[in-house]
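Novice: The following block contains a protein sequence and its predicted model.
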Protein chains: 2
Amino acid sequence: MKDVAARAGVGLKTVSRVVNGEPGVLPGTAALVQRAIDELGFRRNDSARQLRTGRTAGIGLVMEDVADPFYSLLNGAVEEVARSHGSLLFTASSEDDPRRESELALALCSRRVDGLIMVPAAEDHTYLLPEIAAGLALVFADRPPVGLTADTVLVDNAQGARDGVAHLIAHGHRRIGYIGDSSRIYTSTQRLSGYRQAMAEAGAPIDESWIALGPSDQARVGDALDHLLDPRREYPITALFTGNNRLTVAVLRELAERQRAQRVTGVPTPGGTPGLALVGFDDFELADLLTPAITVVAQDPAGLGRTSAQLLFARLAGDGSPPRHIVLPTVLVPRGSGELPPPD
Amino acid sequence: MKDVAARAGVGLKTVSRVVNGEPGVLPGTAALVQRAIDELGFRRNDSARQLRTGRTAGIGLVMEDVADPFYSLLNGAVEEVARSHGSLLFTASSEDDPRRESELALALCSRRVDGLIMVPAAEDHTYLLPEIAAGLALVFADRPPVGLTADTVLVDNAQGARDGVAHLIAHGHRRIGYIGDSSRIYTSTQRLSGYRQAMAEAGAPIDESWIALGPSDQARVGDALDHLLDPRREYPITALFTGNNRLTVAVLRELAERQRAQRVTGVPTPGGTPGLALVGFDDFELADLLTPAITVVAQDPAGLGRTSAQLLFARLAGDGSPPRHIVLPTVLVPRGSGELPPPD
């Protein structure tokens, strides 16, 4: 703060007023201070607030579910960036409940975090407008905000799903089932549209009964599989695309149980004969060590966390450019389950 | 607060003073208020503080690494209990760094959480004594505190490891390797002592070169395996016990890579011939779907989180009994890799 005061040619008290948004500073003087701050790369998080309150700087992360490996990797990457900026990270789970999300976000604000990274569950984020006006730095990750414009880092969900389904088509499949997340979730609708695009591009008609959307729990996925693999179907599916790693794991567990219990004879399993080809959106631990290994469209949850956190700290360092919209690519990782040919 | 005031026969202001630890209340009156609070099960978290500050009640969880599935399951269970008590949960990762741990714990206190659950990394927790004196409710999970007495919830690490190693012995193994976490970590030393106990009980001498302690990264585990499986050993190990799920996964990945690359001929792999039997401490996702499926000593990270959180909220509800020490059991889950016999 002393450096900023010296550079702007004003007193410490004036810098403090500008930084804390207090009245009593002429607009021209405030602009001088702001320019000095920008030039010096003055960081609000390790200076004014901290000096004033005696608190260590901190940022908040609100996401769906810490117990999901996707989010725990994202969280780990945000933590690493926060640490490198001398800031603490406080994380909270919305459990995909819009009311919980707003409670958590506002509670973090009232506990004086300098910035927030949100994986939003709510369908309206205007409740954050007063916080933004009060100086909160805010980045949305994985899903865009609704009702306001802010820095946003997404994954190219539609293109990723399109690549995965096109990969199955390239291996001879035309009847491809789709088990996805609830259509209420942004990423889920994007991925479903990628599936539709790939099928349309290949001239492969979609039977709407091949598409099963809903939560990731075992029971729902089991029901969806019963329906998709019903032996009475005249034209059974020969391949399956799953919309996230929770669903892929649930599908694998269901298929293994059927195989073990022989509950239904002739149910195709990945690697069995006839083999059901499978590509999943999201990589997951041990996918490469299963038999067959599971082909996935890998997104980079750590990259998503890292990029979001870097953007947040750039804002905290004074970057006042217009809100950015960053889209991260996915990578298709062929491992075996997605290259199984359809039965003749 | 009105109910407490009515029951104690004092004014609201007096209750407020007692709850907030302000002076100006006679000891006898304070005792009356305290009794009324105890009788009514008055919860500090959803009353006094919240009314006073306008903040939603919140608790904090400080743990080693949110990206580790063990901790994300623990976190999810704490979140569930917090939610059922109308409280928010803020989580932070110490990354097993004692200085980071104390920064995070004190930062959460200064941000007015009502209670803290700690998976401690520090080797001295006396820095928390002033917070406890100021009314902080505190529970240690997974590892005990050092330098103070507080509610603690642990897993029976020694007994769990003993069960796992005894299981290998019961299947005919006498030369059993041990890959464990750093000896600096409480759970690691407990598990190693369980290994030693089981071996001693079976009258199986331990070659100290079978024991490899250190971090869970792939490179370290690869080196440890090179050493353990060195073909020049006169009496090679026939079984392996791994000290946590990160290590088990790293071992499986290393063995699979060796098998693929045929870097060393004749390296035993689980399920190969000759098979290296394997039991891991900690369950992990997909352990049951690998070939062979992996036998584990399962602890219950969700139970650990749930028990710790329930204890914390009991304290916040006024439970003033002496600090408790709870030890949760483990369960041996035989799945295949731990039942492989030694080669003749």
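Specialist: Nice, I can see it.
Novice: Helices of chain A, residue ranges please.
Specialist: Listed in chain order, the helices of chain A (DSSP state H) span residues A:2-8, A:12-19, A:27-40, A:48-53, A:69-84, A:98-110, A:129-133, A:157-170, A:186-201, A:218-228, A:245-261, A:301-316.
Novice: Pull out the buried positions in the longest one.
Specialist: Put plainly, it is helix A:245-261. Within helix A:245-261, the residues scored as buried using 16 or more other CB atoms under 10 Å in any protein chain shown are A:245-256, A:258-259. Every residue, glycine included, has its C-beta placed from N, CA and C.
Novice: Chain B next: which of those residues are close?
Specialist: A:249, A:252, A:253, A:256 (CB under 8 Å from any CB of the partner chain).
Novice: Just the pLDDT for residue A:331.
Specialist: As predicted, residue A:331 sits at a pLDDT of 98.
Novice: Which residue, other than its chain neighbours, is closest to it?
Specialist: The shortest distance from residue A:331 to any non-neighbouring residue, by CB to CB, 6 or more residues apart in numbering or on different chains, is to residue A:298 (4.9 Å).
Novice: circling back: mind putting the buried residues of helix A:245-261 in JSON lines, pLDDT included?
Specialist: JSON lines is the format used below for those (pLDDT from 0 to 100):
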{"residue": "A:245", "pLDDT": "94"}
{"residue": "A:246", "pLDDT": "94"}
{"residue": "A:247", "pLDDT": "96"}
{"residue": "A:248", "pLDDT": "96"}
{"residue": "A:249", "pLDDT": "95"}
{"residue": "A:250", "pLDDT": "96"}
{"residue": "A:251", "pLDDT": "95"}
{"residue": "A:252", "pLDDT": "94"}
{"residue": "A:253", "pLDDT": "93"}
{"residue": "A:254", "pLDDT": "92"}
{"residue": "A:255", "pLDDT": "90"}
{"residue": "A:256", "pLDDT": "88"}
{"residue": "A:258", "pLDDT": "82"}
{"residue": "A:259", "pLDDT": "79"}
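Novice: quick one: which of these is nearest to residue B:294?
Specialist: residue A:256 (14.1 Å; CB to CB).
Novice: For residue A:290, see how far away that closest one is.
Specialist: In this view, residue A:256 and residue A:290 are 10 Å apart by CB to CB, to the nearest Å.
Novice: okay, and the common contacts of the two?
Specialist: Residues touching both residue A:256 and residue A:290 (CB atoms under 8 Å, 6 or more residues apart in numbering or on different chains): residue B:289.
Novice: Contact partners for the closest residue to chain B within the stretch 101-250 of chain A?
Specialist: Closest residue of the stretch 101-250 of chain A to chain B, CB to the nearest CB: residue A:111 (4.0 Å). By CB under 8 Å, 6+ apart, residue A:111 lies in contact with A:90, B:55, B:58, B:90, B:111, B:112.
Novice: Find the pair from the residues you listed with maximum spatial separation.
Specialist: Once CB to CB is applied, the contacts of residue A:111 give A:90 and B:55 as the farthest pair, at 13.9 Å.
Novice: So these two - more neighbours on which side?
Specialist: A direct count of neighbours by other CB atoms under 10 Å in any protein chain shown for residue A:90 and residue B:55 places residue A:90 higher, at 28 against 18.
Novice: Report the beta-bridge partner residues of that one.
Specialist: Under DSSP bridges, the beta-bridge partners of residue A:90 are residue A:60.
Novice: ok, it touching residue B:91?
Specialist: Yes - taking CB atoms under 8 Å as the contact criterion, residue A:90 and residue B:91 are neighbours in contact, 7.1 Å apart.
Novice: got any residues that touch both of those two?
Specialist: In contact with both residue A:90 and residue B:91: residue B:60, using CB under 8 Å, 6+ apart.
Novice: Pick out whichever of the contacts of residue A:111 sits closest to residue A:319.
Specialist: So of the contacts of residue A:111, ranked by how close each gets to residue A:319 (CB to CB), first place is residue A:90, at 22.6 Å.
Novice: so who does the closest one touch?
Specialist: When contacts are counted by CB under 8 Å, 6+ apart, residue A:90 is found next to A:58-61, A:108, A:111, A:113, B:60, B:90-92, B:108, B:111.
Novice: That one and residue B:58, how far apart?
Specialist: 10 Å.
Novice: thinking again about what came up before, using JSON lines, lay out the buried residues of helix A:245-261 together with distance to residue A:158.
Specialist: Output for the buried residues of helix A:245-261, formatted as JSON lines (distance: CB to CB, whole Å):
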{"residue": "A:245", "distance to residue A:158": "18"}
{"residue": "A:246", "distance to residue A:158": "20"}
{"residue": "A:247", "distance to residue A:158": "17"}
{"residue": "A:248", "distance to residue A:158": "18"}
{"residue": "A:249", "distance to residue A:158": "23"}
{"residue": "A:250", "distance to residue A:158": "23"}
{"residue": "A:251", "distance to residue A:158": "21"}
{"residue": "A:252", "distance to residue A:158": "25"}
{"residue": "A:253", "distance to residue A:158": "28"}
{"residue": "A:254", "distance to residue A:158": "27"}
{"residue": "A:255", "distance to residue A:158": "27"}
{"residue": "A:256", "distance to residue A:158": "30"}
{"residue": "A:258", "distance to residue A:158": "31"}
{"residue": "A:259", "distance to residue A:158": "33"}
